[in-house]
Each structure stands twice: as structure tokens, then as C-alpha cells.
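K.L.:
Predicted model and sequence below, questions to follow.
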Amino acid sequence: MGELKIHTNNFDSWTPAVIPQTCMSRMSSDEDFSLVSDDDPSHNLKSLQKDIEKLKAAYNDMIKECKFLQDAKDMNIRFTQEFLQRVDIARKRVEDDKMTQTKALEKEQERLLELKKEEKRLNTEILKIQQELHKMHETHQSLKQQTEVSTAVPEKKVVFNGETGNEADTLSFDVKPRIIYPMEGGTAFITFEEEEVAEKILALKEHMVHLGECTITVRAEPVHFLVPAALEMDTQVCPQRILVSNLPKKESMDRILDKLEIHFSKSRYGGGEVEEVDMLEDSGNVVIKFIDSNIAKGLTDKQVHEIEMDKGKKHKVKVTPFLNGEITLLRTCNTTCLKTVLLTGIPAVMEKENLQDLLEIHFQKSANSGGEVDAIIYNPVGERTLAVFEEDNSKPEKNL
């Protein structure tokens, strides 16, 4: 039986192989590596080659598997590192969000505290405003009482003068017009006796007025007013006030007011505690207000009362109801003053009286389209004057 030597120089690495016991008969200790077999050597070589191929295939599979496992391990390590990084980022983000929320919460708490302070301040301010409104309401009521129009007309002597009227006028009242007109500086009001003269002056518009050494140009403009066209009032008897008329003319008003208060405060004369005594400037009558609302009616029912002005000297006055009035309808209309012209653009070139006289002289001359001047007032630049317009009684027509 021959000997077979196997060398592994053609392999990348040597892989030991298990040789069956039946294939080996003896091995020389002097040889590097020898297999002794009793069988056919070619058959054993083929069998070994097959085993070697199988082992190589297994080895390659193990290499691939190790590579796969190593790649999987590397991938897991990478995933783990990325996950840890994401965890760190997420943790930092959570901490940042927590810090931001904490700061936002602190700001909101501060804002809430400020809002509470503001609410407290506003409540205090609202309370003050309510108190002021209450005071204003009381003041308004007081002023309203003071400005109430007394429509109780004391007895006056009348006579029939032969004039007739329409039935529609039986319930109407004639109101005497009295208009307060604010004048601007550098203007003048001039009233002519004839309406035609005022029309001529207005038609020319601009006028050159010679003032001795200088000449000025003034502009003529119409005077317009907004006046009541219709007025309706609801009236009711005031239970606390009386209207006293037919007062003595030779006594001072202060003395009359004192005597009236003394007389009507005494219960034996049907009076009571007086709250206030006021004189009506337009009529010269007196309004007395009582604290008790049951006093006025008894006094007005009696009407005539004797007031002791001096010791042993009495004067009869008349007591009538005082009516509170409330305007329910007021319609106005525009009207033009037919005789009065407004002159504007007047410079302050000389003393007020001299300039006013020269203006009157200029507009009285017919050569300047003027005519007889009834009244004139000049207001210099920088000053303010209130002009009073009253009823024109020169003609039956009532024009301002």
C-alpha cells in the first residue's frame, strides 16, 4: 500500500480535516504529513477533495455570516448612537420647552397680577365716575329746576283795542325775540331805517371807505339767524312752588324777598318751611319753594295775601300756581335781518370811536348807496362783543 502526502499551500488558511480511522494504516514519524490507506489512493483523494470543498463552503458561509453579524452589530451600534443622540436632543428640547414654559408661566402670572391691579384700579375709577355721575345728575336736576320756565302768568290789565284775529291764534303766545349774537374782531353791525338801503349795500358787496389819510375796503354780508318756528310744551303744576306777583314797587328787592320769606314761612298764614326764594328778572315776580309739598296748593287757593312790609303797613300780593314746563316740540328756521348789515374785514387803523363814526358817516351818504343809519357798533380786531337783536316795532311786520 502506497503513501499519500497532502500539503495546504494552495489554501488561504489551513483547515484541519478528520480522516477516518480505516483509511490510515500507519504514519511515518519522519515525514511531515502522510496518510496511509489500504484503499485505492485515487478514491481517497477524491473523497478528501470533496470534504475540503464542503469545509471551504462551510468556512465561506461562516465568513459571510460573521460579516453579516458584524454589519448587523455595526448597524445596531450606529442606530444605538443615533438613538442616544436623538434622546439627548429630545431631552434638551424637553428641558428647553420646560424652561420656556416656566418663563411663560411666570410672565403670565405677572401679567395676571398686573391685570388684577388694573381691574382694581378700573373698579376704583368706575366707582369714582359713578359718584361723579350721581353728583352730576343731582346738579343737573338742580339746574333743571332752576331753569324751568314759569308759564303761570300773573294778572295784568288788558283792554280791547278794536283788532280782530283768527281762531287759530287763540291758543298761541307771542314771544318777544331777543338774540345774542357774538361779534368777531374787525367787524361791525350797521342798521338802516329802510330795508331798501340795506339791500343796496348788500348788492354792492365790497365798499371803499375813505378815512382821511387812508382808505379801507370792507365787505357787506347779510345777517342770518336760526330762530324757533314752532314750540310746544307740556306743563304741570309744581306742588312745592308758588308764583308771587303784584309786588310793591318802592321797596328794594332784597327787602321784598326777606319779607316774603318771613311771611310764607309762618303756619298761621298757611305757610311752611321755605327752602329758597328766587326773583324772576324778566317779569319782576318771585318764586318761593317750600320743603313740604302740601303748602303751595293752600296758598294758591287763597290767591290774595297781605304782606306786612312795615309795622302797621301791609301790601296785597297775588299768589298763583307755578307751572313746570317741558319742551316736547321745537322747530327752527333760518331768517335774515332785513335792515342790518354785517361789515367784515375792518382793520384797526385808528381809535374805535373815530373809526365807528367815520363808518357811520360813509354809509349815511346817498352817494355811497347809503341812507339814514339807525344804529351801528364796531368791534376792533382782537376783541369780542355780544350784539343784542330785539324785535323791530317800527312796522306791523316783526322783522329783526
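P.N.:
On my side now, so go ahead.
K.L.:
how about the helices in this protein?
P.N.:
Under the criterion DSSP state H, the chain contains helices at 41-147, 195-204, 253-264, 296-302, 352-364.
K.L.:
which stretch in the ones you listed has the least confidence?
P.N.:
Comparing mean pLDDT across these, the weakest is helix 41-147, with a mean of 87.
K.L.:
circling back to that earlier point, export the helices of the chain to TSV and tack on distance to Arg384?
P.N.:
Every residue, glycine included, has its C-beta placed from N, CA and C. TSV is the format used below for the helices of the chain (distance: least, Cβ to Cβ, whole Å):
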stretch	distance to Arg384
helix 41-147	25
helix 195-204	24
helix 253-264	31
helix 296-302	43
helix 352-364	13
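K.L.:
Next one: Asp234 from Ile129, what distance?
P.N.:
Distance of Asp234 to Ile129, given as Cβ to Cβ, to the nearest Å: 32 Å.
K.L.:
just Gly272 next, same as before
P.N.:
38 Å.
K.L.:
same deal with Asp51?
P.N.:
111 Å.
K.L.:
which residues sit in contact with Cys238?
P.N.:
For Cys238, the contacting residues are 148, 296, 321-324, by Cβ atoms under 8 Å, 6 or more residues apart in numbering.
K.L.:
Name the nearest of those residues relative to Asp282.
P.N.:
Lowest distance from Asp282 to these (Cβ to Cβ) belongs to Glu148, with 13.7 Å.
K.L.:
Give me the pLDDT value at that closest one.
P.N.:
Model confidence at Glu148 (pLDDT) stands at 41.
K.L.:
do the same with Ala17
P.N.:
pLDDT, Ala17: 43.
K.L.:
quick thing: my sequence starts at 30, can you match it?
P.N.:
Okay, residue one is now 30; in that scheme the one you just asked about reads as Ala46.
K.L.:
hmm, back to that, so which of the contacts of Cys267 is surrounded by the most neighbours?
P.N.:
Within the contacts of Cys267, neighbour counts (other Cβ atoms under 10 Å) peak at Ala325, which reaches 25 neighbours.
K.L.:
so who does that residue touch?
P.N.:
Applying Cβ under 8 Å, 6+ apart, the residues contacting Ala325 are 267-271, 319, 350-351.
K.L.:
Which pair in those residues has the greatest spatial separation?
P.N.:
Farthest pair in the contacts of Ala325, by Cβ to Cβ: Phe319 and Pro350, 13.0 Å.
K.L.:
I'd like to know which of the contacts of Cys267 is nearest to Gln393.
P.N.:
Glu177 (46.4 Å).
K.L.:
related to what we said a few turns ago, could you dump the contacts of Ala325 into CSV and include pLDDT and distance to Gln332?
P.N.:
Output for these, formatted as CSV (pLDDT from 0 to 100; distance: Cβ to Cβ, whole Å):
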residue, pLDDT, distance to Gln332
Cys267, 90, 16
Pro268, 90, 17
Gln269, 92, 18
Arg270, 93, 15
Ile271, 94, 10
Phe319, 95, 17
Pro350, 93, 10
Phe351, 90, 13
